[in-house]
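Colleague: When you get a sec, could you give me coordinates for this:
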Amino acid sequence: MKWRKFANSLRLRLLLRMSKNYPAAFTEMQAIVNNKANNPIFEGNGDNADMPYPGTNKENAWPGGPLANSLDEFDKRKPSKEIVDALMQRNDPRLQAWVAPVVSRGTTDPNEYVGVPNAIQAPYDYNGGNDKISLLAPLFRLNKDTKLTASLMTYAEVCFILAEAVQANKITVPGKTAEALYYDGIKANMSYYGVLATAEAANYFDQASVKYNGTLQQLIGQKWIAMFLKGAEGWFDHRRTGFPVFVLGPSLPRANCPNAICTRTRKAS
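Modeller: Okay, the predicted model is just below:
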């Protein structure tokens, strides 16, 4: 059943991605959601298509863990300014789950959490040096964890896919509005990382920047956040919709790749 759910959820991803050039895309999406008995799709985080890392040796440990990578290699991977700023602007508790605070405050960016702008020539010099730039959170330094998986597709992504199609009046989902699906996607991702209760206690969903407004920009922005560490999917959505809008690198002719991670070895091309 889980394989069937994955297959049909993957169909939804591909149909939306090709919808501008495939006239039957939304008709086929509608057929999937109209008959979940024949076409089951993800219905919760328990359906996520992912593979755990055993974390017993270098070959099967999470890539950021000490078995698979030295501390120096882990230290090269910095959260990007785009994701850090997006989380801070929304007072999003996923910030603390994903990003570590700086050791000392910098001058260019005096915040407690500082991401590196993509495609700058000397990322390690940004904001006054390495101690003034955030690392990824300690979670990502483990060899294994229930939250660290080789993730192929998540329930949160399915929610956002359906929310976008419903919002555009291309399909209907029985018992669900675009607004409900939008919130389902955010909550599924927050629940996965154990911060949903924190978000609800802080009235996260009542903020003007988060409260559903029916725009594609807002929806794709939240989908991009929920797809943290899945840079390829963010890139495909950006190419397809133009969102999120990313800051141009100093010598890039197009918007930066919407990955959430910068490395000190990446240079402007």
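Colleague: how many neighbours does T27 have?
Modeller: By other C-beta atoms under 10 Å, 12 other residues sit near T27. (Glycine included, C-beta is placed from N, CA and C.)
Colleague: Would you verify that it is located in a strand?
Modeller: No. Counting by DSSP: H, G, I helix; E, B strand; the rest coil, T27 is not part of a strand but helix.
Colleague: And it, how close does it get to A165?
Modeller: 11 Å (C-beta to C-beta, to the nearest Å).
Colleague: And D75, by the same measure?
Modeller: Counting by C-beta to C-beta, the gap from D75 to A165 is 41 Å.
Colleague: and those two? which has more neighbours close in?
Modeller: More neighbours surround A165 than the other of D75 and A165, with 24 against 16 (other C-beta under 10 Å).
Colleague: nearest residue to that one other than its sequence neighbours?
Modeller: I171 (4.6 Å; C-beta to C-beta, 6 or more residues apart in numbering).
Colleague: Please identify the helix or strand for the one you found.
Modeller: For I171, there is no host helix or strand (DSSP states H and E).
Colleague: Now do the contacts for it.
Modeller: F26, M29, Q30, V33, L162, A165 (C-beta atoms under 8 Å, 6 or more residues apart in numbering).
Colleague: my guess is the third one meets N169, correct?
Modeller: No. Here Q30 lies out of contact with N169, judged by C-beta atoms under 8 Å, at a distance of 11.7 Å.
Colleague: Which of those two has more residues huddled nearby?
Modeller: Higher neighbour count among Q30 and N169: Q30, with 16 against 9, using other C-beta under 10 Å.
Colleague: nearest spatial neighbour of that one, skipping sequence neighbours?
Modeller: I171 (4.5 Å).
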